[in-house]
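Engineer: I'd like to go over a predicted model; first the sequence, then the structure.
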Amino acid sequence: LLYGITIYWYRRKQEESIVMLQILYASETGNAEEVAYNIYSKLKSRLRCSVSNISQYNVQDMPNEKYLVFVASTTGVGDPPSSMKKFWNFMLRKSLGGDSLSNLQFGVFGLGDSSYEQFNAVARRLHARLLQLGATPFVELGHGDDQAQYGFFTALNSWMEHLIQTIHRFPETIESSSAAVNVCLPDYSIEIISNSLDTDNCAPFPIVMNNDSDSIVYSASVKGNERLTDARWEQNVRHVTLTVNSERVVTSELTSISSATDKNITSQPLDTGVALYEAGDVAELYYRNSPETVSLALSILCDRNEGEAEESKLHPCTILNITNIGKTRGSWRSSRIDTLSHCSLFVLLEQYLDIGGIPMRSYFETLSRYADNPLEAEKLLELASAEGTDLYFDYCLRERRSYFEVLAEFKSCRPPVSVLCSAIPAIPPRQYSIASSPLLEPRQIELCVAVAERRTPYNRKRVGLCSGFISQLTVGETV
């Protein structure tokens, strides 16, 4: 009897560990990732599923999959995101037979802009190729459009509803009442190393921020930053000249975001005679958050310390150890920061977290769990819901409200730093076409950057996060 119970338990555990639905995203700006995790949050209580970047997926596992959902954005002139290129090259192999994916059922949602000729080209091609290989769609192709009334949410809300209704009819689904309790565990643990008020702790240190590509990250000194357009003209266009420093900083893990004090970072000499780029290349620039944005964040995080023990109070110069514990259990999102050692709160806010960005709907859902005021919690949930799309657009997107501007208005909501690290993406790079020739100066890069400026419906001035940072760079500064 004991032997039979053991075998049953083992088989049951094996069945529970099998993922029935894979959700894969190919994202350039983070929107596809956000949609993928939104799908995951709606389905995980009814079906064993997982979500991951398409670059981390083994495409050779596809013939053994039963259900797959793809969320793919279109970039450039119909190009796939860089994270999808390896996957797509495999899918185009002529050796793949017409019945290679005959066991697979799938869904595809595309993100694009209908003002471009190649609108949602990546999602269309992916959908067509899956059909060619024998796969069967269980939901129609979704077309998210930035030009729609509520952006890609206009199509996403109805597509998601149809997707959920279809998947709930799958024989593998379980009743939500018997599903595991939905507990949101933090992806980070925070340890306060020092609470000294020594301002030296707040001094910026060299950092490396890498993406999923094979790009090498360099530091550079600003050689020049001049305005090209006349001061009387409304468009401020900058001519920026950068001199790449004689050493490049390299990490052993391209998807990590680490400080230069971490052990996995080394410096390598740069061959000054070899050109760093070719004609037509782009430069990716990492910006730092503006002093005003950082000051607002600090005022919220540091002014909530009444009644707390002195050793747990936060100051701008508080030194933190931030450990990524979500990575080991598979819940960490690659757009978030990785482990940081001996990083001050000020540096975290200025150089790592994209606190000046515009929150996605999942941010409001996260905040609702920490709002002491029931009315504020209810409003946050409304902003996070499909029914509150129009409110979310008016309040957040059209007004370009940032993460901490939202927190400043919802005063009863004060989540811990560990939760904010999970909810706010890392600062992403911005791409700019290189406007110089490597034949003239192999180590010099020139950029022409138009500073993005606009007024919101409530007449609030908004400046592009990276272009605004570039406009304020001074000669000799390091980027």
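Structural biologist: Thanks, I have it.

Engineer: Could you list the low-confidence segments of this protein?
Structural biologist: 1-19, 174-184, 197-215, 246-273, 304-312 (pLDDT under 70).

Engineer: switch the cut-off to 80
Structural biologist: 1-19, 172-186, 195-216, 246-275, 303-312, 329-330 (pLDDT under 80).

Engineer: in the stretch 351-479 of the chain, which spans are helices?
Structural biologist: Remark: helices assigned in the stretch 351-479 of the chain by DSSP state H, counting those that start in this stretch are 361-368, 374-384, 389-392, 403-409, 417-423, 465-471.

Engineer: again, but for the chain
Structural biologist: For the chain, helices defined by DSSP state H occupy the ranges 2-17, 31-43, 85-91, 121-132, 153-167, 291-302, 326-329, 345-347, 361-368, 374-384, 389-392, 403-409, 417-423, 465-471.

Engineer: Now render these as a markdown table, adding distance to residue 63 and mean neighbour count.
Structural biologist: Where you see a C-beta, it was placed from the backbone N, CA and C, and this is true even at glycine. What follows is the helices of the chain, written out as a markdown table (distance: least, CB to CB, whole Å; neighbours: other CB atoms under 10 Å):
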| stretch | distance to residue 63 | mean neighbour count |
| --- | --- | --- |
| helix 2-17 | 20 | 9 |
| helix 31-43 | 22 | 22 |
| helix 85-91 | 12 | 16 |
| helix 121-132 | 12 | 20 |
| helix 153-167 | 21 | 18 |
| helix 291-302 | 48 | 17 |
| helix 326-329 | 28 | 13 |
| helix 345-347 | 47 | 22 |
| helix 361-368 | 32 | 20 |
| helix 374-384 | 37 | 17 |
| helix 389-392 | 38 | 16 |
| helix 403-409 | 42 | 19 |
| helix 417-423 | 34 | 21 |
| helix 465-471 | 42 | 21 |
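
Engineer: Including distance to residue 191, could these go into TSV?
Structural biologist: TSV is the format used below for the helices of the chain (distance: least, CB to CB, whole Å):
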stretch	distance to residue 191
helix 2-17	32
helix 31-43	27
helix 85-91	37
helix 121-132	42
helix 153-167	38
helix 291-302	16
helix 326-329	16
helix 345-347	13
helix 361-368	22
helix 374-384	29
helix 389-392	35
helix 403-409	23
helix 417-423	10
helix 465-471	29
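
Engineer: Residue 431: neighbouring residues, count only.
Structural biologist: 13 (other CB atoms under 10 Å).

Engineer: let me redo that: residue 96
Structural biologist: Neighbours of residue 96 (other CB under 10 Å): 17.

Engineer: And for residue 239?
Structural biologist: Residue 239 has 15 neighbouring residues, counting by other CB under 10 Å.

Engineer: and if you look at residue 274?
Structural biologist: Residue 274: 9 neighbours (other CB under 10 Å).

Engineer: Go ahead and confirm it touches residue 442.
Structural biologist: Yes - counting by CB atoms under 8 Å, residue 274 touches residue 442, with 6.4 Å between them.

Engineer: who wins for proximity to residue 220 among the helices of the chain?
Structural biologist: Using CB to CB as the measure, helix 465-471 is the one of the helices of the chain that comes nearest residue 220, at 12.2 Å.

Engineer: helices or strands next to that closest one in the packing?
Structural biologist: strand 237-251, strand 430-433, strand 444-450 (3 or more CB pairs under 8 Å, 6 or more residues apart in numbering; DSSP states H and E).

Engineer: Repeat the analysis, applying 6 Å as the threshold.
Structural biologist: strand 237-251 (3 or more CB pairs under 6 Å, 6 or more residues apart in numbering; DSSP states H and E).

Engineer: Tell me which residues touch residue 119, please.
Structural biologist: residue 112 (CB atoms under 6 Å, 6 or more residues apart in numbering).

Engineer: try 8 Å this time
Structural biologist: Residues in contact with residue 119 (CB atoms under 8 Å, 6 or more residues apart in numbering) are 74, 112-113, 143, 145.

Engineer: What distance do you get for it to residue 152?
Structural biologist: 12 Å (CB to CB, to the nearest Å).

Engineer: Which neighbours do these two have in common?
Structural biologist: By CB under 8 Å, 6+ apart, the residues touching both residue 119 and residue 152 are residue 145.

Engineer: so what's the residue positioned nearest the centre of the chain closest to, chain neighbours aside?
Structural biologist: Closest to where the C-alpha atoms of the chain average out (CA atoms, centre = their mean) is residue 335, at 3.5 Å. Leaving aside its chain neighbours, residue 335 sits nearest to residue 425 (4.5 Å; criterion: CB to CB, 6 or more residues apart in numbering).

Engineer: Enumerate every residue touching that neighbour.
Structural biologist: Contacts of residue 425 (CB under 8 Å, 6+ apart): 30, 333, 335-336, 353-354, 357.

Engineer: Of these, which is the most crowded?
Structural biologist: The residue in these with the most neighbours, by other CB under 10 Å, is residue 353 (24 neighbours).

Engineer: my guess is it meets residue 420, correct?
Structural biologist: Yes - if you go by CB under 8 Å, residue 353 and residue 420 touch, sitting 7.2 Å apart.

Engineer: picking that back up, would you list the contacts of residue 425 in a markdown table and tack on distance to residue 301?
Structural biologist: Conversion of the contacts of residue 425 to a markdown table gives the following (distance: CB to CB, whole Å):
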| residue | distance to residue 301 |
| --- | --- |
| 30 | 23 |
| 333 | 22 |
| 335 | 22 |
| 336 | 18 |
| 353 | 11 |
| 354 | 16 |
| 357 | 17 |
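
Engineer: Among the residues you listed, which one sits closest to residue 168?
Structural biologist: Taking the contacts of residue 425 together and measuring to residue 168 by CB to CB, the closest member is residue 333, at 25.4 Å.

Engineer: Just want the phi and psi numbers for the closest one.
Structural biologist: Torsion angles at residue 333 (phi, psi; degrees, to the nearest 10) stand at phi -90, psi 130.

Engineer: From residue 58, how far off is it?
Structural biologist: 19 Å.

Engineer: How many residues are close by residue 351?
Structural biologist: 22.

Engineer: you'd agree it is up against residue 294?
Structural biologist: No - the criterion here is CB under 8 Å, and residue 351 misses it with residue 294 at 9.5 Å.

Engineer: The closest residue in space to residue 417 that isn't next to it in sequence pairs with what?
Structural biologist: Excluding its sequence neighbours, the residue lying closest to residue 417 (CB to CB, 6+ apart) is residue 190, at 5.3 Å. Counting by DSSP bridges, residue 190 forms beta bridges with residue 322.
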